[in-house]
Every structure is written in C-alpha cells, then in structure tokens.
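>>> mind looking at a prediction? Sequence and model below.
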Amino acid sequence: MSERVYVEDGTVAHELQFGESPNDRAAQALCGRTSWPGYWFGTGDQDEYDTAAAMPLCVACASVLRHRAGG
Ligand SMILES: [Zn+2]
C-alpha cells in the first residue's frame with residue numbers, strides 16, 4: 001500500500017513510493033518529490049490523515065497511480 005502524504009504549506013497530497021517511510025525525509029513520492037528540507041505529514045494522527053485526504057492528489061503522482069492500475 002502506498003501512503004498519502006503532504007508537506008507543510010503544501011497544496012496537494014502525494015503518494016509515497018511502496019516501502020518508503022513517511023518518517024524518512026529522503027522518502028520519494030511517486031512523482032519523485034521528497035519532503036526535504038521538511039518532513040512528510042499525513043500519517044501521524046487523524047488530523048493529518050484528514051488533511052491529506054482533503055487535498056487534491058499531485059497530478060504527477062495521480063498519473064503514476066493510473067499507469068500502475070493499467071489505465
Ligand atoms: Zn506527487
């Protein structure tokens with residue numbers, strides 16, 4: 001399962017690469033973005049889950065997800 005994450009002050013959510021930890025600042029999203037120099041948010045507590053869920057998904061991450069789904 002990928003994890004939906006965002007960076008502080010971000011306007012879109014990203015999906016982390018499979019196996020990447022949201023606690024790792026070098027962890028890459030599907031679009032190649034890392035949270036450096038900040039941290040990924042979205043998996044800490046319910047507020048973060050809700051915030052990530054309410055954000056639109058990064059266009060590049062979304063296209064990778066569609067590609068993987070065979071679309
Ligand atoms: Zn992305």
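That came through fine.
>>> for the helix or strand encompassing Val64, list every residue counted as buried.
Using DSSP states H and E, Val64 maps to helix 59-68. Across helix 59-68, burial judged by 16 or more other CB atoms under 10 Å covers Ala60, Cys61, Ala62, Val64. C-beta here means a position set from N, CA and C on the backbone, and glycine is covered the same way.
>>> try stretch 4-16
Under 16+ other CB under 10 Å, the buried positions of stretch 4-16 are Arg4, Val5, Tyr6, Val7, Gly10, Val12, Ala13, His14, Glu15, Leu16.
>>> not counting its neighbours along the chain, what's nearest Tyr39?
Nearest residue to Tyr39 in three dimensions, chain neighbours excluded: Arg25, at 6.0 Å (CB to CB, 6 or more residues apart in numbering).
>>> quick one: the strands in the chain?
4-7, 14-15, 40-41 (DSSP state E).
>>> the second one: partners in the sheet, and parallel or antiparallel?
Based on DSSP bridges, the strands next to strand 14-15 in the sheet, each with its direction, are strand 4-7 (antiparallel).
>>> show me what from the chain comes close to the ion.
Within reach of the ion by CB under 5 Å from the ion, the chain has these residues: His14, Ala29, Cys31, Cys58, Ala60, Cys61.
>>> isn't Thr43 up against Glu15?
No: counting by CB atoms under 8 Å, Thr43 does not reach Glu15; the two are 11.9 Å apart.
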